[in-house]
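> Below is the sequence, then the predicted model.
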Amino acid sequence: MHTKFKILMLVRHGQSTGNVDQPTHDHASIPLTALGEEQAKKLSARIDVRPDLIVVSSFRRAQQTAEPLREKFPDVPVEIWPDTAEFTYLSPARCRGTRRTERLPWVKAYWQEQDPRYCDGAGAETFHDLVTRATLVLQRVEERPEERIMLFSHGQFISCLLDVARHPYATDGERMAIFRSLPELENTGLVYLLLPQHE
């Protein structure tokens with residue numbers, strides 16, 4: 001089997017209202033700030049290579065970030081992949097209407113537990129769920145015929161996807177133990193990942 005390579009371009013969304021500690025009500029509908037919208041425009045301006053496919057998560061802030069690039073390359077196909085959404089490890093019900101700083105004690109407690117199978121409540125994911133999603137997305141990208149895919153997603157999901165790509169045989173426990181120390185992309189940060197493309 002002949003193998004060549006493709007480029008996966010991973011983009012974190014622009015600054016959102018959640019990033020600046022405004023109250024959030026629905027994790028999926030958090031919008032960009034005015035600065036985030038400007039960041040998205042600047043990102044699009046510096047992308048001079050036309051992607052073969054634009055992929056966006058189902059979350060609003062990722063879709064808003066992709067919009068300027070979609071307008072720049074209107075002929076490029078766009079797909080929404082819900083499994084590239086951000087990691088939702090805290091129960092959405094108890095987080096509704098809270099600010100990031102209010103959630104910090106819950107965040108700290110979750111990561112101190114170090115249990116990849118722990119679920120915080122209805123609508124929340126386990127760390128194992130996140131790893132599974134990232135693994136499946138990588139497999140799907142490798143199977144796609146497009147050579148240049150640009151994915152607009154989220155900080156923690158991108159960190160997990162990169163970790164799975166670089167350390168495919170790590171256990172969930174090993175991944176979780178170092179996850180919070182992994183570098184996270186800045187808003188509208190861009191990273192390139194080279195992946196095999198099988199024919």
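Noted; the coordinates are in hand.

> What separation do you get for the residue nearest to Leu35 when sequence neighbours are not counted and Gln64?
Using C-beta to C-beta, 6 or more residues apart in numbering and skipping the chain neighbours, the partner closest in space to Leu35 is Gln15 (4.9 Å). Where you see a C-beta, it was placed from the backbone N, CA and C, and this is true even at glycine. Separation of Gln15 from Gln64 (C-beta to C-beta, to the nearest Å) stands at 11 Å.

> which residues do these two both contact?
In terms of C-beta atoms under 8 Å, 6 or more residues apart in numbering, Gln15 and Gln64 are both contacted by the residues Leu32, Gly36.

> This protein: strands as residue ranges?
For the chain, applying DSSP state E gives strands covering 3-12, 53-56, 78-80, 148-153, 190-198.

> neighbouring strands for the fourth one, and are they parallel or not?
Each strand paired with strand 148-153, and its direction, by DSSP bridges: strand 3-12 (parallel), strand 53-56 (parallel).

> Now do that strand and strand 190-198, the angle between them.
Taking axes from the mean of the first three to the mean of the last three C-alpha atoms, to 10 degrees, one finds strand 148-153 and strand 190-198 inclined to each other by 130 degrees.

> quick one: average confidence on strand 148-153?
In this model, strand 148-153 has a mean pLDDT of 98.

> Before I go, just wanted to say thanks for your time.
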